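1. the sequence and its predicted three-dimensional model are supplied below.
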Amino acid sequence: MKDKDYNWLTDNLNILGNVKATRDQLQRMFDIYNDITKENKRTTQCGRCVYNIKKRLLVEYEKISSIQNSKG
């Protein structure tokens, strides 16, 4: 994950929870997801699709957070 994407997620961490995201936030989440996975998922408001994207982004975010925390 790129630093700018990690920082954006840090600033908008609440959207990875059970809240409704704006169109711009959805677009950014899908862009980050596609960059990480090298997939080309189209932005959608499908509840199940968004849930899966959020779940994957949270896992990736927590991986980087734990690495940064272990470095001190």
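-> That came through fine. Numbers count the residues shown, from 1 in each chain.
2. near the closest residue to Gln25 other than its chain neighbours, how many residues? Count them for me, please.
-> Nearest non-adjacent residue to Gln25, counting by CB to CB, 6 or more residues apart in numbering: Ile15, 5.3 Å away. Placement of C-beta: from N, CA and C, glycine included. Residues near Ile15, counting by other CB atoms under 10 Å, number 19.
3. tell me the contacts of Ile15?
-> Ala21, Gln25, Met29, Lys54 (CB atoms under 8 Å, 6 or more residues apart in numbering).
4. least trustworthy helix or strand in this structure by mean pLDDT?
-> helix 47-71 (a mean of 92; mean pLDDT, DSSP states H and E).
5. elements contacting that helix?
-> helix 3-11, helix 23-37 (3 or more CB pairs under 8 Å, 6 or more residues apart in numbering; DSSP states H and E).
6. if I look at the closest residue to Leu58 other than its chain neighbours, how far off is Gln45?
-> Nearest non-adjacent residue to Leu58, counting by CB to CB, 6+ apart: Leu16, 4.8 Å away. Note on Leu16: its distance to Gln45, by CB to CB, to the nearest Å, is 16 Å.
7. okay, these two: which has more neighbours?
-> Leu16 (18 against 10).
8. I'd like to know how far the more buried one sits from Lys71.
-> 23 Å.
9. with Leu57 instead?
-> Taken as CB to CB, the span from Leu57 to Lys71 is 21 Å.
10. the two: which is more packed in?
-> Shown here are Leu57 and Lys71; by other CB under 10 Å, Leu57 has more neighbours (21 against 6).
11. quick check: the more buried one touching Met29?
-> Yes. With contact defined as CB atoms under 8 Å, Leu57 reaches Met29; the gap is 6.2 Å.
12. list of residues touching stretch 38-57?
-> In contact with stretch 38-57 (CB under 8 Å, 6+ apart) are residues 9, 15-17, 21, 23, 26-27, 29-30, 32-34, 36-37.
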